[in-house]
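Undergrad: Quick one, structure for this:
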Amino acid sequence: MEMRDPQYWGKLIGKSLFRFFLLSALYKRPLHGYEIGKSVKECCSGCCEPSDAMIYPALHELLKGGYIDCWVERVGGRERKVCALTQKGIETYRAASEVWGKVIPHLEGAVARGQEGGEAEEKVLPSDCCT
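TA: Numbering: from 1, shown residues only. Model (predicted):
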């Protein structure tokens, strides 16, 4: 897929946003897989619609890294895995929030410039916006 294709950027952004919104959802309360997908989809008005193929590998990676704890609950004879952030996961969510908070104003400015359609001009961004 070529970089000029909006789908390229959609996939790239979607993966990053999904990870952040997954942490955000678990920061609110423990959730099982279906609830995570629903929460992510609702919080970003459908711009990031995670599939099971996105959710479960991400949860596995977070569990392996010690960012979440998971346990099995029985509800109406059905088992489901519920996950919650560990202290390490909470700290990770807060760090990600801090970085997104720094980037968003610059991202908004860059998007606005790209939508203006005028001549490109050189802009210097603060050194901490993308680090």
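Undergrad: In stretch 37-46, which residues are buried?
TA: Neighbour counts over stretch 37-46 (16 or more other C-beta atoms under 10 Å) mark 37, 39-40, 44 as buried. C-beta here means a position set from N, CA and C on the backbone, and glycine is covered the same way.
Undergrad: from those residues, which has minimum pLDDT?
TA: pLDDT across these is lowest for C44, at 71.
Undergrad: Wait, that residue touches L17, no?
TA: Yes. Assessed by C-beta atoms under 8 Å, C44 is found in contact with L17 at 6.7 Å.
Undergrad: How many neighbouring residues does P50 have?
TA: 23 (other C-beta atoms under 10 Å).
Undergrad: And R29, its phi and psi?
TA: Per-residue torsions, R29: phi -170, psi 160 (degrees, to the nearest 10).
Undergrad: Quick check: buried residues in stretch 2-15?
TA: G14.
Undergrad: CA atoms only for it, dumped as PDB, please.
TA: Extracted as PDB, the C-alpha positions of stretch 2-15 are listed here (Å, rounded to 0.1, in the frame of the first residue of the first chain):
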ATOM      1  CA  GLU A   2       1.300   3.400  -0.900                       C
ATOM      2  CA  MET A   3       1.700   6.300   1.500                       C
ATOM      3  CA  ARG A   4      -0.500   8.500  -0.600                       C
ATOM      4  CA  ASP A   5      -3.400   6.100   0.000                       C
ATOM      5  CA  PRO A   6      -5.500   7.300   2.900                       C
ATOM      6  CA  GLN A   7      -6.000   3.600   3.900                       C
ATOM      7  CA  TYR A   8      -2.200   3.400   4.700                       C
ATOM      8  CA  TRP A   9      -2.600   6.200   7.200                       C
ATOM      9  CA  GLY A  10      -5.800   4.900   8.500                       C
ATOM     10  CA  LYS A  11      -4.200   1.500   9.400                       C
ATOM     11  CA  LEU A  12      -1.100   3.100  10.800                       C
ATOM     12  CA  ILE A  13      -3.100   5.500  13.000                       C
ATOM     13  CA  GLY A  14      -5.700   2.900  13.900                       C
ATOM     14  CA  LYS A  15      -3.100   0.600  15.500                       C
END
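Undergrad: Perfect, I'm done here.
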